[in-house]
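Undergrad: Predicted structure and sequence below. I'll ask about it afterward.
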Amino acid sequence: TGATTRAAGTAVERDRTVAVVGAGTMGQGIAQVALVAGHPVRLYDAAPGRAEQAAESLLGRLDRLVTKGRLAQEDRDAAAGRLHPASGLDELADAALVVEAIVERLDVKQQLFTDLEKVVDDDCLLATNTSSLSITAIGGALRLPGRFVGMHFFNPAPLLPLVEVVSGFATDIASATRAYETARAWGKTPVACADTPGFIVNRLARPFYAEAFAVYEEQGADPATIDAVLRESGGFRMGAFELTDLIGHDVNEAVTRSVWEAFFQDPRFRPSLAQRRLVEAGMLGRKTGRGWYTYDEQGAHRPE
Ligand code: NAI
């Protein structure tokens, strides 16, 4: 496939506008990355007022970087001058790249790109940050699907270097290369891959979680023991239980479910019954105070 072939290509030029659609967790992070890299950035969200709020909290994060000595005040001020919250899609007309980070629903994403294509130039690169939908499927709605590519950032986008640059069946090599080189120019570590369920990271992380949960379900060892083994012997920064408590079981289980479904319910990717119970009980991890562990001001404990 063309996915792993990287012909010569150029990054989106620094003086060209990058638009980010969806000003939630990921959209804010991606906007920050593009802004600090020097682009004019337009940030749009369908929820009224959300883009302005997001721009404010983004600038607040830049202020904290200034306080910590990691960003010069003048660079922060220049960045503030380049950040433009938008109140309609039509304000994104000058974008050379649009990165979409809206709700994870195929029909909503397809509709957005159909609308976007009526606004932007034909040479505008269109990218989605989807973590579980097919790039080929989203791109199927486009008039010019060759310019459509996955740019999958990880949370928090300003801190984590990896970006999966995903080619769908119709993605041009030139578009994939441009996305790849842009991620590199933004100080990221891009990897090129094809459009398979879960791409690379969300696919190969499934057995990591599943096998840890299976050991627990079979009463092989408790979560704290398994986490300690993964950290101390496996060299992982976090074990499977503490990491999924951090991610949130609703989010983590939904990704597992989607990869499992996409592989026609291959048992290798089967969701965990114990994790399903946590989701049903609303024990979603750190954000609800209880998951595999319980959380209070003192930190993590095993519930007992
Ligand atoms: P979020 O819920 O924090 O933000 C989504 C934003 O999109 C909301 O502000 C919402 O108002 C807005 N929105 C919804 N529909 C819209 C539309 N039609 N037009 C414009 N704005 C719209 O979601 P989050 O977590 O930032 O996720 C966004 C995307 O990034 C999803 O596709 C998700 O799968 C993906 N992703 C999420 C990661 C994470 O750890 N949260 C990691 C990597 C990818």
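TA: Nice, I can see it.
Undergrad: Contact partners for the nearest residue to V36 once chain neighbours are set aside?
TA: Closest residue in space to V36, ignoring its immediate chain neighbours: A79 at 6.3 Å, by CB to CB, 6 or more residues apart in numbering. Placement of C-beta: from N, CA and C, glycine included. For A79, the contact set (CB atoms under 8 Å, 6 or more residues apart in numbering) comprises L35, V36, L59, L62.
Undergrad: Show me which pair in these is furthest apart.
TA: Spanning the widest gap among the contacts of A79 are V36 and L59, at 11.6 Å by CB to CB.
Undergrad: Neighbour count for these two, which is higher?
TA: V36 (20 against 16; other CB atoms under 10 Å).
Undergrad: next one: phi and psi at the more buried one?
TA: phi -70, psi -30 (degrees, to the nearest 10).
Undergrad: which residues in this structure form helices?
TA: 25-36, 50-67, 73-82, 106-117, 135-139, 173-185, 201-217, 223-232, 240-247, 249-262, 273-281 (DSSP state H).
Undergrad: ok, how many other residues are close to F199?
TA: 22.
Undergrad: Now pLDDT and distance to T189 too, for the contacts of A79, in JSON lines please.
TA: Formatted as JSON lines, the contacts of A79 follow (pLDDT from 0 to 100; distance: CB to CB, whole Å):
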{"residue": "L35", "pLDDT": "98", "distance to T189": "19"}
{"residue": "V36", "pLDDT": "97", "distance to T189": "16"}
{"residue": "L59", "pLDDT": "98", "distance to T189": "26"}
{"residue": "L62", "pLDDT": "98", "distance to T189": "22"}
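Undergrad: quick check, nearest of these to the ligand?
TA: L35 (16.5 Å; CB to the nearest ligand atom).
Undergrad: show me what contacts that closest one?
TA: V41, L58, A79, R82, L83.
Undergrad: quick one on the thing from earlier: closest one to the ligand among the helices of the chain?
TA: The minimum distance between the ligand and the helices of the chain falls on helix 25-36, with 3.4 Å, by CB to the nearest ligand atom.
Undergrad: Alright, that wraps it up for me.
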